[in-house]
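**Q** From the sequence below, what's the structure:
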Amino acid sequence: MASHSDTLVVFFGATAGANGGKLGSDEREIILLVWQIVDLHEKKVGKLHRCLVKPDTLELTDQCKEETGLSLDDTVTAEPLDKVLQQFHQSVSSEVKCLGRSSYTICVNSPLIIRQALHPEASKKNLVLPECFFSFVDLRKEFHKCCPSAGPVQKLTPASMVKLFFSCVETVKYKFDSGTCSKTEPVDSETVIRARGLPWQSSDQDIARFFKGLNIAKGGVALCLNAQGRRNGEALVRFINSEHRDLALERHKHHMGSRYIEVYKATGEEFLKIAGGTSNEVTQFLSKENQVIIRMRGLPFTATPQEVLSFLGPESPVTDGSEGLLFVKYPDGRPTGDAFVLFSCEEYAQNALKKHKQILGKRYIELFRSTAAEVQQVLNRYMSTPLISTLPPSPIVSTRDCVRLRGLPYAAGIEDILEFMGEHTVDIKPHGVHMVLNQQGRPSGDAFIQMKSPEKAFMVAQKCHKKTMKDRYVEVFQCSTEEMSIVLMGGTLNRSGLSPPPCKLPCLSPPAAYTAFPTLPASLSEVALYQPPLLAAPRPPQTTAHNPAHTLAYYPPQPHLYMNMNMNYTAYYPSPPVSPSTVAQPHPAAAAASPVLPQPGALVRMQGLPYNTGVKDILSFFQGYQVSTCETCRSTSSC
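**A** From the prediction side, this is the model:
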């Protein structure tokens, strides 16, 4: 369509719900289209066309009936939207041709019928709109904007109208343009929204389709990720101006498929935090425009570019071969198992997506659509945030000779873990299996295993990650001794960092009695002082002398060793990798200098006691175990 024309098509429409200033805000379908041709050159007006449209949902609101004068019976016999649009195109083209013209311009008194009603509904119904609906003139806005003192509309001459119209034609983008955003780029907070409740597999194109009719800035869709690097169902969207942002807010709780999407205001700072980047590597990777981006997750850490290209196959060639691959790494250069791939067309990307959950090496690979903003966000997350961000600096260098098992069945025991480890069981250190319990003393689904070397831990993480145990896949990660120790003390470990346990906080200093314990390396002494309640030592046999070898022995599950608390305790190797009673042995020098705990024993900490608990209740709780007497009164009953 030519950019200049003296033939206008005045266009109007109504929906089955709200109209006027709220048209399109309730996601109701179009039920009426009206148009009329105006020949500015001959100063003539053509025939008025009024076509009813049959909606898929035959229901009209009272407001619609009152404003349009239509009833449900009027729309039952009407044509669907695609047929009416064909009729519109044929009718207008025929009349324009009769006038000896080849082009025309759509003219509306509000952009809502185009942006909020016609384009969204056509997108949902997969209809191809005529080209004329991608540019239009908004009479009301432009008269007030450009000619605030022009007076009544009827006093404007056709020549002045044409001059006004074609200086301010509005457009609707055909498709969303992906791209990158620099952290130094200014972003107006009045142009940004947050969309919540998105399907996890949504791409930037899917989000742009949800906002069809509104113009999103280049690279203006940023999918948000959670602490584990997975999409959390939210996205930040940046529009070209505040007017389009305000129209986007009117789509609050509109549907994407079967899910409704919440739309809220957001800030430019939030958008830059997600989408902004400074990495030259990302900029170079995304410099090739009009590329389809696919994210691969779960790659073996040893995967090479050639192995990835072979996995994708010749039916889905990667743009520029290995140059079209971007492997995501930690700051120390270790691979994260994520990679991004560029494809030159939709066909190649679709062929690649067919490889979803197929095996590479011994791991299944997840593939799904991605965005330029997600590439930037993932790189920012892994390259700028250390694995342990909350711990104070420590002179002790931790060795990554441990693995963490996450997602264990709650009924899993030591035997299940050893079976799960298979041939790698021989590489476990003695007493190196540690079950993590929650605050209620129940299995948390996590466990730590100490291996004989970092290389052995790496191999276990490679071979056993997402291997199945009792119909559940278990995640296996390599970690350090320090991370294991902190978690066993009550801290938390996840992708966003390591949080210290309560005993590491300044307000919770260890009791003074703990000074009688021997000085150990930080990662072990703290664990010994704050062990879970299950680490109380069983009563040794009365007929045999104390033997250090027995304290390191594995305690098999025996019903009489466990307290009757309606809890399903799991038998496990003592944690940390020495017996509690051995750790609690006071150093000879410390024993001579302090009257606390002169005899062999173990000190345990009990949390969550009822407020009315007495000494007898505690002794009853530890029935079957040897409890030390008070040094002051030499009697447990009088403490």
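
**Q** taking the mean pLDDT, what do you get for the helix ranked longest in the chain?
**A** Determined from DSSP state H, the single longest helix within the chain is helix 81-98. The pLDDT scores in helix 81-98 average 93.

**Q** And that helix, what's buried?
**A** 81, 84-85, 88, 91-92, 95-96 (16 or more other CB atoms under 10 Å). In short, each C-beta sits where N, CA and C put it, glycine included.

**Q** so what's the residue lying closest to Ala303 once chain neighbours are set aside up against?
**A** Nearest residue to Ala303, sequence neighbours excluded (CB to CB, 6 or more residues apart in numbering): Leu360, at 6.6 Å. Contact partners of Leu360, counting by CB atoms under 8 Å, 6 or more residues apart in numbering, are 299-300, 303, 307-308, 311.

**Q** circling back to that earlier point, would you turn the buried residues of helix 81-98 into JSON lines with distance to Gly407?
**A** Formatted as JSON lines, these follow (distance: CB to CB, whole Å):
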{"residue": "Leu81", "distance to Gly407": "48"}
{"residue": "Val84", "distance to Gly407": "54"}
{"residue": "Leu85", "distance to Gly407": "52"}
{"residue": "Phe88", "distance to Gly407": "57"}
{"residue": "Ser91", "distance to Gly407": "62"}
{"residue": "Val92", "distance to Gly407": "61"}
{"residue": "Glu95", "distance to Gly407": "67"}
{"residue": "Val96", "distance to Gly407": "65"}
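
**Q** Quick one: the helices in the stretch 1-150 of the chain, in order.
**A** Taking DSSP state H, counting those that start in this stretch as the criterion, the stretch 1-150 of the chain carries its helices at 62-68, 72-76, 81-98, 112, 119-124, 139-146.

**Q** Out of those helices, the one nearest Val378 is which?
**A** helix 119-124 (28.5 Å; CB to CB).

**Q** Average pLDDT for that closest one, rounded please.
**A** pLDDT averaged over helix 119-124 gives 95.

**Q** now what about that helix, what contacts it?
**A** Outside helix 119-124, the residues that reach it (CB under 8 Å, 6+ apart) are 24, 27, 29-30, 81, 85, 127-129, 133, 172, 209, 212-213, 251, 254.

**Q** looking at these, which has the most residues close by?
**A** Gly24 (27 neighbours; other CB atoms under 10 Å).

**Q** so what's that residue up against?
**A** Contacts of Gly24 by CB under 8 Å, 6+ apart are 15, 18, 112-113, 115-117, 120, 250.

**Q** again, only using 7 Å
**A** 15, 112, 116-117, 120, 250 (CB atoms under 7 Å, 6 or more residues apart in numbering).

**Q** Just give the closest residue to it, not the sequence neighbours.
**A** Gln116 (2.8 Å).

**Q** The one you found contacts Gly213, correct?
**A** Yes: between Gln116 and Gly213 a contact is recorded at 6.3 Å, counting by CB atoms under 7 Å.

**Q** Flag the shaky bits of the stretch 301-450 of the chain, pLDDT-wise.
**A** 383-398 (pLDDT under 70).

**Q** can you tell me which residue is nearest the centre of this protein?
**A** Arg231 (2.2 Å; CA atoms, centre = their mean).

**Q** Just grab the bridge partners of that residue for me.
**A** Note on Arg231: beta-bridge partners by DSSP bridges are Leu225.

**Q** Select, out of the helices of the stretch 1-150 of the chain, the one closest to Ala352.
**A** helix 119-124 (25.2 Å).

**Q** send the alpha carbons of the closest one over as PDB?
**A** Extracted C-alpha coordinates of helix 119-124, given in PDB (Å, rounded to 0.1, in the frame of the first residue of the first chain):
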ATOM      1  CA  HIS A 119      -5.000  -8.100  15.800                       C
ATOM      2  CA  PRO A 120      -5.300 -10.100  19.100                       C
ATOM      3  CA  GLU A 121      -8.400 -12.100  17.800                       C
ATOM      4  CA  ALA A 122      -6.800 -12.700  14.400                       C
ATOM      5  CA  SER A 123      -3.700 -14.000  16.100                       C
ATOM      6  CA  LYS A 124      -5.600 -16.400  18.400                       C
END
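
**Q** For Arg297, give the beta-bridge partners.
**A** Here Arg297, judged by DSSP bridges, has bridge partners Asp338, Glu366.

**Q** Likewise for Arg196?
**A** In beta-bridge terms (that is, DSSP bridges), Arg196 pairs with Glu234, Glu262.

**Q** and it, how many residues sit next to it?
**A** Arg196: 15 neighbours (other CB under 10 Å).

**Q** what does Ile365 give?
**A** Quick note: Ile365 (other CB under 10 Å) scores 22 neighbours.

**Q** now the one 10 residues further on
**A** As a burial measure, Val375 scores 25 neighbours (other CB under 10 Å).

**Q** For it, give me its contacts.
**A** With contacts defined as CB under 7 Å, 6+ apart, Val375 is in contact with 282, 286, 293, 326, 340.

**Q** could those be laid out in TSV, adding neighbour count, secondary structure and distance to His465?
**A** Below are the contacts of Val375 laid out as TSV (neighbours: other CB atoms under 10 Å; DSSP: H, G, I helix; E, B strand; the rest coil; distance: CB to CB, whole Å):
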residue	neighbour count	secondary structure	distance to His465
Val282	21	helix	27
Leu286	24	coil	29
Ile293	22	strand	25
Leu326	21	strand	22
Phe340	23	strand	21
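
**Q** which one of those is nearest Phe458?
**A** Distance to Phe458 across those (CB to CB) is lowest for Leu326, with 23.1 Å.

**Q** just to revisit the earlier point, quick one: which two of the contacts of Val375 are the most distant?
**A** Val282 and Ile293 (11.4 Å).

**Q** Please point out which parts of stretch 210-220 sit buried.
**A** For stretch 210-220, by 16+ other CB under 10 Å, it's 210-217, 219-220.

**Q** Which one of the residues you listed is nearest to Asp401?
**A** So of those, ranked by how close each gets to Asp401 (CB to CB), first place is Gly219, at 43.0 Å.

**Q** What average pLDDT does the host helix or strand of the closest one get?
**A** Secondary structure assignment for Gly219, by DSSP states H and E: strand 216-225. On average, the pLDDT along strand 216-225 is 89.

**Q** likewise stretch 55-75?
**A** 91.

**Q** measure it end to end?
**A** For stretch 55-75, the first and last residues are 8 Å from each other (CA to CA, to the nearest Å).

**Q** chain center to it, what's the gap?
**A** Here stretch 55-75 is found 41 Å from its chain centre; the criterion is CA atoms, centre = their mean, to the nearest Å.

**Q** One more: stretch 442-452?
**A** Counting by CA atoms, centre = their mean, stretch 442-452 comes out at 26 Å from the chain centroid.

**Q** May I ask which two of the buried residues of stretch 210-220 are separated the most?
**A** Farthest pair in the buried residues of stretch 210-220, by CB to CB: Gly213 and Gly219, 19.4 Å.

**Q** Give me the domain ranges for the chain.
**A** If you go by the TED database, the domain ranges for the chain are 7-171, 181-277, 280-383, 402-489.

**Q** For Met606, which of those is the nearest?
**A** domain 402-489 (10.4 Å).
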